[in-house]
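1. would you be able to build a 3D model of this:
(one chain, ligands or ions: 1)
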Amino acid sequence: MDDLPPFDTHRVDNQPPPFEPRDLWADDAVLREGVEREGGATFAPRLATYGALAGDELYRLGFDANRDRPRLRTHDRTGRRIDLVEFHPAYHRLMDVAKTHGVAGLSWHEPEPGAHVARAALSYLHHQAEAGTSCPLTMTHAAVPVLQREPGLREWAKKAAAPHYDPRDVPIADKAGITLGMGMTEKQGGSDVRANATTATPRDDGMYALVGHKWFFSAPMCDAFLVLAQASGGLTCFLMPRRLDSGDKNAFRLMRLKDKLGDWANASSEVEFAGARACRVGEEGRGVATIIEMVMLTRLDCMLGSAAEMRMALTQALHHARHRRTFGKPLVEHALMRNVLADLALESEAATAFALRVARAVDAAPHDPQEAAFARIATAAGKYWVCKRAPAFVNEAQECLGGAGYVEESILPRLYRQAPLNSIWEGSGNIQCLDVLRALSREAGTREAVATELASAEGRDAVYDAFVDRLRTDLSSASEAGARMLVERLALALQAAVLLRAGSPAAALFVRSRLGGAHGLAFGTLSDDADVGPLLSRALPA
Ligand SMILES: Cc1cc2nc3c(=O)[nH]c(=O)nc-3n(C[C@H](O)[C@H](O)[C@H](O)COP(=O)(O)OP(=O)(O)OC[C@H]3O[C@@H](n4cnc5c(N)ncnc54)[C@H](O)[C@@H]3O)c2cc1C
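-> Okay, the predicted model is just below:
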């Protein structure tokens, strides 16, 4: 009897083994194939390193960084303003590892062909482990090209792209690497940034003084922020540092942190500018154009992030279903559960493959106008559709775990809280759909770029061909009220085109279910004759 543990009232049985450690790169055939197909193969060894880290140390750190939420400290003990946010050490470690491995800067720091695809894959791997840190990482990445063009701000661009993280609140001259945030949204208007009321007045030293506020201002510990404000020439973009060269704190105050549904590792604040000093970025009056260039990149990261959330949720569901037995056999052997899991695997593969295809277009954009036009429209369509799918997807995956999926010890509740965010920020769903209409009607080459992409997959599947025929007609008569329907169909066709061209084993079933109508409104409604076995094996190695 001595070898029995004390208080042994029952045997713990039929519980899956721990999820981690897991190699998120080696396990993900869709990601590996996509990176190779879209031109990022030379970076594969580094992605392999990051995939192993993301499925082990970063995955574990994510729990701590989200459990112990950031805290705002407005004043020090003497009553002086400090406007600091304190994070759990896990947050800083996540940022350090990500920045060092190029999640925020690889595309600019090593601008070889395929670098955008590789950075997209890094971002996808990182987001699976911890999504909150993705916010400062993507903003830092997206701000670089705009700053590179300003001769006086190249040092900022270089340090933003550099593989270094330094959380100290000191001037950038003392740092090898920095992070950047963005402030556009004000109380009276977010989508319509032209409603911004913050003013910018030129100073004698060539800088401007900002007076006003931002209603959402994420990652407020960044070293500087790209901020929109009204100058005499109109809405203009500015770089507003946290610390001035003198070492003094710049004149902005963090008023409070948002009490958010999710995204808990990341701090999002409300801020007031009381004559904060800032450098102009671009011409006065060109603020929207400048910020749109950045937002194109953050929108791609929203799409990648939602694809990553789906991938992590799918992997969790498959892991659970392979080890959990009900009614005498593993869940994964029950026909109805197989339908659900295979349907999720289809959706996840299409999201990932599409996001990587858009990353290739971003890579090629500087020297290929057609790819630039494709990136422009596919980013908006993909941001709308992939982000829109994530919450329902994560909930379905959560249900595969039964009660365990509703408990914080699994990552599913955190993913569930995070999932709606990508469709809200960086331009909410309707804004993306209207943007697709704008691109189709007003921007040179987008129509042709879409037509070429869709045509490149024709002749492989009759259902796809018929769908694309109808879509072509409808693209030329788009209406505002019908924009969601049109963009949904466009995104589905673009996803199908990537899968068909790649010869993916998921392609035929994706086309039949998503384009051919052989699917219900919920996941798990593939035709009962669908051959789901190969999809399930492909989604996660045994
Ligand atoms: C956690 C979090 C962090 C954030 N961090 C930042 C940040 O760091 N920096 C920053 O600048 N912003 C940030 N935001 C703000 C975010 O980008 C905005 O909330 C978003 O762009 C929407 O703006 P809004 O809230 O003013 O909504 P509104 O502009 O009022 O829009 C409300 C709804 O109406 C829809 N809508 C608007 N216009 C139209 C139209 N013409 N036709 C049809 N529908 C329309 C929108 O799609 C949206 O669904 C953050 C938001 C969140 C939730």
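2. what's the nearest residue to Ala209 if we skip its chain neighbours?
-> Closest residue to Ala209 in three dimensions, ignoring its sequence neighbours and counting by Cβ to Cβ, 6 or more residues apart in numbering: Gly275, at 4.5 Å. Yep, even glycine has a C-beta here, placed from its N, CA and C like the rest.
3. check His323 too.
-> If the residues on either side of it in the chain are set aside, His323 comes closest to Pro16, at 3.6 Å by Cβ to Cβ, 6+ apart.
4. could you chop this structure up by domain?
-> 29-285, 289-539 (automatic domain parsing).
5. low-confidence regions, the stretch 251-400 of the chain specifically.
-> Nowhere does the stretch 251-400 of the chain drop to pLDDT under 70.
6. re earlier: that's a helix at the residue nearest to His323, yeah?
-> No: if the criterion is DSSP: H, G, I helix; E, B strand; the rest coil, then Pro16 is coil and not within a helix.
7. can you pull the contacts of it?
-> Under the criterion of Cβ atoms under 8 Å, 6 or more residues apart in numbering, the neighbours of Pro16 are His319, His320, Arg322, His323, Arg324.
8. can you lay out those as CSV showing neighbour count, distance to the ligand and secondary structure?
-> Conversion of the contacts of Pro16 to CSV gives the following (neighbours: other Cβ atoms under 10 Å; distance: Cβ to the nearest ligand atom, whole Å; DSSP: H, G, I helix; E, B strand; the rest coil):
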residue, neighbour count, distance to the ligand, secondary structure
His319, 21, 29, helix
His320, 24, 29, helix
Arg322, 16, 35, helix
His323, 14, 35, helix
Arg324, 18, 34, coil
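9. quick check, nearest of those to Glu349?
-> His319 (17.3 Å; Cβ to Cβ).
10. for that closest one, give me its contacts.
-> Contacts were defined as Cβ under 8 Å, 6+ apart; by that measure His319 touches Pro16, Phe19, Leu540.
11. out of the domains of the chain, which is closest to Arg11?
-> Relative to Arg11, the nearest member of the domains of the chain by Cβ to Cβ is domain 289-539, separated by 14.3 Å.
12. what are the buried residues along whatever helix or strand Met294 lives in?
-> Counting by DSSP states H and E, the secondary-structure element that holds Met294 is helix 287-323. The neighbour-count criterion (16 or more other Cβ atoms under 10 Å) identifies 287-288, 290-291, 294-322 as the buried residues of helix 287-323.
13. tell me which element Trp156 falls in.
-> When secondary structure is defined using DSSP H and E, the element that contains Trp156 is helix 154-161.
14. same for the host helix or strand of Gly382, what does it pack against?
-> Counting by DSSP H and E, the secondary-structure element that holds Gly382 is helix 369-400. Using 3 or more Cβ pairs under 8 Å, 6 or more residues apart in numbering; DSSP states H and E, the elements in contact with helix 369-400 are helix 287-323, helix 335-364, helix 412-418, helix 421-424, helix 429-442, helix 446-455, helix 483-502.
15. and the residue of the stretch 251-400 of the chain found nearest the ligand, what does it touch?
-> Using Cβ to the nearest ligand atom, Ser268 is the residue of the stretch 251-400 of the chain that sits closest to the ligand, at 4.1 Å. Remark: with contacts taken as Cβ under 8 Å, 6+ apart, Ser268 is in contact with Phe216, Phe217, Ser218, Ala219, Pro220, Leu257, Lys258, Lys260.
16. neighbours of the closest residue to His519 other than its chain neighbours, how many?
-> For His519, ignoring the flanking residues on the chain, the nearest one in space by Cβ to Cβ, 6+ apart is Ser513 at 3.9 Å. Here the neighbour count serves as a burial measure; for Ser513 (other Cβ atoms under 10 Å) it reads 21.
17. so how far is Glu333 from the residue of the chain found nearest the ligand?
-> Among the residues of the chain, Gly190 lies closest to the ligand, at 2.2 Å counting by Cβ to the nearest ligand atom. When Cβ to Cβ, to the nearest Å is applied, the distance between Gly190 and Glu333 equals 48 Å.
18. what comes up buried for the helix or strand containing Leu235?
-> Of the helices and strands defined by DSSP H and E, Leu235 is found in strand 234-241. Taking 16+ other Cβ under 10 Å as the basis for neighbour counts, the residues of strand 234-241 that come out buried are Leu235, Thr236, Cys237, Phe238, Leu239, Met240, Pro241.
19. dump the residues you listed into TSV; add pLDDT and distance to the ligand as well.
-> Conversion of those to TSV gives the following (pLDDT from 0 to 100; distance: Cβ to the nearest ligand atom, whole Å):
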residue	pLDDT	distance to the ligand
Leu235	98	13
Thr236	98	15
Cys237	98	12
Phe238	98	13
Leu239	98	15
Met240	98	12
Pro241	98	16
